[in-house]
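**Student:** Let me see the structure of the following:
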Amino acid sequence: MVVAGLRGAFGGHDLISIIRLETPLIYAVGFYFGLGRIIRERAFDLDKGLRNLLLVALAFVAYMAFARLTNSPFETEQTEGRLGTVVTTGGELRRDYGFASAFILYPILALAGAAYLLYSPRRTALAAVVASIGILATLITLIRGQIFGLFIGLAVIALLRSEVVLKRAVRTRAVVAASFALLVSGLSLWAVSPLTAHGVVERSLPGLVQQTEAAEGTAEYRREALQVGFAFAERNPAGLGLVSVHDFAANGIDAGYLAHSAVAVLLAYGGWIALAAGALALFGLLRASFRVPRPVPWMHPFFVGALLMLVVYSFAASGLMGQGWVIAPAALIAALRFNATGAAK
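**Tutor:** From the prediction side, this is the model:
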């Protein structure tokens, strides 16, 4: 991102615009070191910090539920760039996350609950409830990228090994508790809004459940974004640097593609070198988490699962390469993983 920014600056582009496009670098690095410094403070109480983060995430879920039940969405028909509706085979569904950018917190909440449930020495029914709430809230968003990412994150968390040896009976009880809570939540959703429940199933199981033409079209658009990104890199191996959207349009790449694929962003801005750097950064973070000590046992599987979820989501949006509301939680998760020293209860 530094090299891409310098190329844009030397090319005569506006410096302020370049700085704004450096979001992945400035936000990720700034938030990580700032939050890490706070977490390392002697007076920092990890239990209290995590409890407060949990309350904040649950408050966002509660607001989403309130907005839906009272039919008072955060956005209006006049809101610029509003989320719009999702077309399913059963009809149109309003896309409403509560606050427009809060959706990314919901799968994180689910993965944290699942990791705590499986790997914390002290397992509680609250963890099962939190995981279920997070899963249900994620499904209701109808965002396929993060739904698929959540499924992958949960699978990885379940398969990872930890220094906390889980007895088979304990693991079974934890899974049964979470499954029961999720089943109750799903049945409640079906009772309250069968159309929404049908939409959730449809968005979660493409290929197995019939999709609408609109759903197929949006999925194809994201595949096109990825293909266009690779084709662009073949013509411009070093990308164009951080330049305006008009420059990309002049070179045959629609700015809309960049908003729907972090991989396309990397290839367009920095070419093959940027893509390789991104892949190596991901590998380095995962490798570091496996190698460094784990004073909070459940934090490692949570970090791995959450990071992979965010990566999968970033194949359908600029995500980690452009959305501040995705980059900031990712930096917080990394700061907790590599800086927390106490054993959270």
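**Student:** From now on I want contacts and neighbour counts done on CA atoms only, so please keep to that.
**Tutor:** Will do.
**Student:** All the strands of the stretch 51-200 of the chain, in order from the start?
**Tutor:** Under the criterion DSSP state E, counting those that start in this stretch, strands of the stretch 51-200 of the chain are mapped to 85-88, 91-94.
**Student:** The ones you listed: which one's closest to residue 55?
**Tutor:** strand 91-94 (25.9 Å; Cα to Cα).
**Student:** For residue 279, give its distance to residue 335.
**Tutor:** Using Cα to Cα, to the nearest Å, one gets 20 Å for the distance from residue 279 to residue 335.
**Student:** more crowded one of these two?
**Tutor:** In this view residue 279 and residue 335 are compared by other Cα atoms under 10 Å, and residue 335 has more residues nearby, 22 against 11.
**Student:** I'd guessed that one sits against residue 36; true?
**Tutor:** Yes. In this structure, residue 335 is within contact of residue 36 by Cα atoms under 8 Å, at 4.8 Å.
**Student:** At the geometric centre of the chain, which residue do we find?
**Tutor:** residue 310 (3.6 Å; Cα atoms, centre = their mean).
**Student:** For the closest residue to that one other than its chain neighbours, list the residues it contacts.
**Tutor:** Distance criterion Cα to Cα, 6 or more residues apart in numbering; nearest residue to residue 310, sequence neighbours excluded, is residue 149 at 6.7 Å. The contact partners of residue 149, taken as Cα atoms under 8 Å, 6 or more residues apart in numbering, are 308-313.
**Student:** 7 Å instead, please
**Tutor:** 308-310, 312-313 (Cα atoms under 7 Å, 6 or more residues apart in numbering).
**Student:** What about the residues you listed, which are in helices?
**Tutor:** Residues of these located in helices (DSSP state H): 308-310, 312-313.
**Student:** Now, of these, which are buried?
**Tutor:** The neighbour-count test (16 or more other Cα atoms under 10 Å) applied to those identifies 308-310, 312-313 as buried.
**Student:** Reformat those residues as CSV; add pLDDT and distance to residue 52.
**Tutor:** Formatted as CSV, those follow (pLDDT from 0 to 100; distance: Cα to Cα, whole Å):
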residue, pLDDT, distance to residue 52
308, 97, 24
309, 97, 23
310, 97, 22
312, 96, 27
313, 96, 26
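**Student:** Show me which pair in those is furthest apart.
**Tutor:** Maximum pairwise distance among these (Cα to Cα): 8.5 Å, between 308 and 313.
**Student:** before we move on, the earlier item: mean neighbour count, the strands of the stretch 51-200 of the chain: which tops it?
**Tutor:** strand 85-88 (a mean of 17; mean count of other Cα atoms under 10 Å).
**Student:** what about that one, average pLDDT?
**Tutor:** In this model, strand 85-88 has an average pLDDT of 78.
**Student:** Quick one: residues in contact with that strand.
**Tutor:** 92-95, 199, 211-212, 214.
**Student:** What distance do you get for the residue nearest to residue 310 to residue 126?
**Tutor:** 23 Å.
**Student:** hey, which helix or strand in this structure has the poorest pLDDT?
**Tutor:** Lowest mean confidence among the helices and strands of the chain (mean pLDDT, DSSP states H and E): helix 168-192, at a mean of 68.
**Student:** Just the CA coordinates for the helix or strand where residue 221 lies, please, in CSV.
**Tutor:** Using DSSP states H and E, residue 221 sits within helix 213-235. What follows is helix 213-235 as a C-alpha-only set of coordinates in CSV (Å, rounded to 0.1, in the frame of the first residue of the first chain):
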residue,chain,number,x,y,z
GLU,A,213,-32.2,-14.5,-11.0
ALA,A,214,-31.2,-11.4,-9.0
ALA,A,215,-29.2,-13.6,-6.5
GLU,A,216,-27.5,-15.4,-9.4
GLY,A,217,-26.7,-12.0,-10.9
THR,A,218,-25.0,-10.6,-7.8
ALA,A,219,-23.0,-13.7,-7.3
GLU,A,220,-21.9,-13.6,-11.0
TYR,A,221,-20.9,-9.9,-10.5
ARG,A,222,-18.5,-10.8,-7.8
ARG,A,223,-17.0,-13.6,-9.9
GLU,A,224,-16.6,-11.1,-12.6
ALA,A,225,-14.8,-8.7,-10.2
LEU,A,226,-12.3,-11.4,-9.4
GLN,A,227,-11.8,-12.3,-13.1
VAL,A,228,-11.4,-8.7,-14.1
GLY,A,229,-8.9,-8.1,-11.3
PHE,A,230,-6.7,-11.0,-12.6
ALA,A,231,-7.0,-9.9,-16.2
PHE,A,232,-6.1,-6.3,-15.2
ALA,A,233,-3.0,-7.6,-13.4
GLU,A,234,-1.9,-9.5,-16.5
ARG,A,235,-2.0,-6.2,-18.4
